[in-house]
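Undergrad: A predicted structure for the sequence below; I have some questions about it.
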Amino acid sequence: EDRHAVHIAAYGPGNERRLTGKHETAAMDKFTWGIADRGASIRVGNETASTGAGYLEDRRPSANSDPYAVTSLLAETTLARSWCSEQGSSGVDA
């Protein structure tokens, strides 16, 4: 949740028109996640939730966003921060 604004800024222009909280989108100003929730910012699949392994779907990036920037932010926010906390490090600066 603390990096939501950073992600939104990198997800391309026009998000305020698209991420309204209606029509199976999350509101732009609020981070949400859920299992099989198509209206959440991050959707976790049913199988992922039940097995503890699998995929997640970030439903916020627009079609014109840079896929490398989006993937980098997701890895940084999820994987790198998790690893840093396990190692006792302060985490990622970005």
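TA: That came through fine.
Undergrad: Find the residue at the geometric middle of the chain.
TA: Closest residue to the average C-alpha location of the chain: Asp58 at 4.5 Å, with Cα atoms, centre = their mean.
Undergrad: Is that one bridged to anything, and to what?
TA: Judged by DSSP bridges, the bridge partners of Asp58 are Ile42.
Undergrad: from what I can see it touches Ala75, true?
TA: No - Asp58 lies out of contact with Ala75 (Cβ atoms under 8 Å); the separation is 11.3 Å. No exception for glycine: its C-beta is placed from N, CA and C like everyone else's.
Undergrad: what's near enough to touch the residue nearest to the centre of the chain?
TA: Asp58 sits next to 7, 41-42, 70, 74 when contact means Cβ atoms under 8 Å, 6 or more residues apart in numbering.
Undergrad: Counting neighbours, which of those comes out on top?
TA: Ser41 (23 neighbours; other Cβ atoms under 10 Å).
Undergrad: Could you list which residues are in contact with that residue?
TA: Here Ser41 is in contact with 4, 26, 30-33, 58-60 (Cβ under 8 Å, 6+ apart).
Undergrad: The same query, at a cut-off of 10 Å, please.
TA: Counting by Cβ atoms under 10 Å, 6 or more residues apart in numbering, Ser41 makes contact with 1, 4, 7-8, 19, 25-28, 30-34, 57-60.
Undergrad: swap in Leu73?
TA: 3, 6-7, 9-11, 58, 61, 65-66, 92, 94.
Undergrad: got the CA positions of the host helix or strand of it in CSV?
TA: Using DSSP states H and E, Leu73 sits in helix 67-75. The C-alpha trace of helix 67-75 is given here as CSV (Å, rounded to 0.1, in the frame of the first residue of the first chain):
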residue,chain,number,x,y,z
PRO,A,67,6.0,-3.5,-19.5
TYR,A,68,9.6,-3.5,-18.3
ALA,A,69,9.0,-0.6,-15.8
VAL,A,70,5.8,-2.4,-14.6
THR,A,71,7.6,-5.7,-14.1
SER,A,72,10.5,-4.0,-12.4
LEU,A,73,8.3,-2.2,-9.9
LEU,A,74,6.4,-5.4,-9.1
ALA,A,75,9.6,-7.3,-8.5
